[in-house]
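Participant: sequence? don't have it. structure:
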């Protein structure tokens, strides 16, 4: 069971590098992650708030780089359920060249988990592996108690993802819609941004819902159809 817990790259294929919308504020983070996937650098830390694309980027990087993706909130729950200490659980990634570690804010202040991540970092460093980590804030603002861990997380640079503009959100929506075989016209996407949400998590969930409805009813995405399906 322990060997199966970390492998969570079974999400929909929409989390691909080609579908990640790079915002003007996140260009440096994007460039760094691409370099890490190519093996040109070995460590990077990216951060941003809800909807900034952290999970998409880390899952896509793990796929593209032949690595594994770990989300720490879920991993802690599974570790507790399996009765495994953090060190033993993270050791199941031994031999993997790239680890994408998401949600570091979830372990802030937990000595055992901070120690386990610290040792994971050192192991990857010794083995020539790569680590891509992400959180809601930069390492110094997460409340991590272990100074050595904060220091390690800064070694590869700390890069904000920033926020997407409305034009960038619209481009992201249209890219994901096209990947699903949907045509999302500007007027429909703009309507969603104006009257539904600007949060990318919520917009992606709405797109999934609209995709299912459009397929079931054999309809195209139009403003009236969107209004009816989302109750706007």
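Facilitator: Received it, and whenever you're ready, just let me know what you need. Please read all numbers here as calculations on a predicted model, not as lab measurements.
Participant: show me where this structure has helices.
Facilitator: Under the criterion DSSP state H, the chain carries helices at the ranges 27-37, 54-64, 72-82, 86-90, 111-127, 147-155, 166-179, 186-195, 200-217, 223-230.
Participant: so which of those is the most packed in?
Facilitator: Neighbour counts (mean count of other C-beta atoms under 10 Å) averaged over each of the helices of the chain peak at helix 54-64, with a mean of 22. Placement of C-beta: from N, CA and C, glycine included.
Participant: can you give me the mean pLDDT across that helix?
Facilitator: The pLDDT scores in helix 54-64 average 93.
Participant: helices or strands next to that helix in the packing?
Facilitator: On a contact count with 3 or more C-beta pairs under 8 Å, 6 or more residues apart in numbering; DSSP states H and E, helix 54-64 meets helix 27-37, strand 43-47, strand 68-71, strand 98-102, strand 130-135.
Participant: could you dump those into JSON lines with mean pLDDT and distance to residue 89 added?
Facilitator: Below are the helices and strands packed on helix 54-64 laid out as JSON lines (pLDDT from 0 to 100; distance: least, C-beta to C-beta, whole Å):
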{"stretch": "helix 27-37", "mean pLDDT": "96", "distance to residue 89": "23"}
{"stretch": "strand 43-47", "mean pLDDT": "96", "distance to residue 89": "21"}
{"stretch": "strand 68-71", "mean pLDDT": "94", "distance to residue 89": "9"}
{"stretch": "strand 98-102", "mean pLDDT": "95", "distance to residue 89": "12"}
{"stretch": "strand 130-135", "mean pLDDT": "97", "distance to residue 89": "16"}
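Participant: can I get these in TSV including distance to residue 77?
Facilitator: Shown next, in TSV, are the helices and strands packed on helix 54-64 (distance: least, C-beta to C-beta, whole Å):
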stretch	distance to residue 77
helix 27-37	27
strand 43-47	23
strand 68-71	10
strand 98-102	14
strand 130-135	18
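Participant: ok, which of those comes nearest residue 185?
Facilitator: Proximity to residue 185 (C-beta to C-beta) singles out helix 27-37 among these, at 26.9 Å.
Participant: just checking, residue 219 touches residue 228?
Facilitator: No: using C-beta atoms under 8 Å, residue 219 is not in contact with residue 228, being 9.7 Å away.
Participant: now do the shared contacts for the two.
Facilitator: Shared contacts of residue 219 and residue 228, defined by C-beta atoms under 8 Å, 6 or more residues apart in numbering, are absent.
Participant: for the residue positioned nearest the centre of the chain, which non-adjacent residue is closest in space?
Facilitator: Centroid-nearest residue in the chain, with C-alpha atoms, centre = their mean: residue 55, separated by 1.0 Å. Nearest non-adjacent residue to residue 55, counting by C-beta to C-beta, 6 or more residues apart in numbering: residue 102, 5.9 Å away.
Participant: same check, this time on residue 201
Facilitator: Going by C-beta to C-beta, 6+ apart, residue 201 has residue 51 as its nearest residue, at 5.1 Å.
Participant: got the contact list for stretch 22-41?
Facilitator: Looking at what lies outside stretch 22-41 - C-beta under 8 Å, 6+ apart - the contacts are 17, 20, 42-44, 46, 48, 52-53, 57, 61, 64-65, 98, 130, 132, 156-157, 159-165, 168.
Participant: what stretches of this structure score poorly on pLDDT?
Facilitator: Scanning the chain for pLDDT under 70 picks out 1-15, 93-94.
Participant: for residue 116, what are its contacts?
Facilitator: By C-beta under 8 Å, 6+ apart, the contact set of residue 116 is 85-87, 89-90.
Participant: please redo it, this time with the cut-off set to 7 Å
Facilitator: With contacts defined as C-beta atoms under 7 Å, 6 or more residues apart in numbering, residue 116 is in contact with 86-87, 90.
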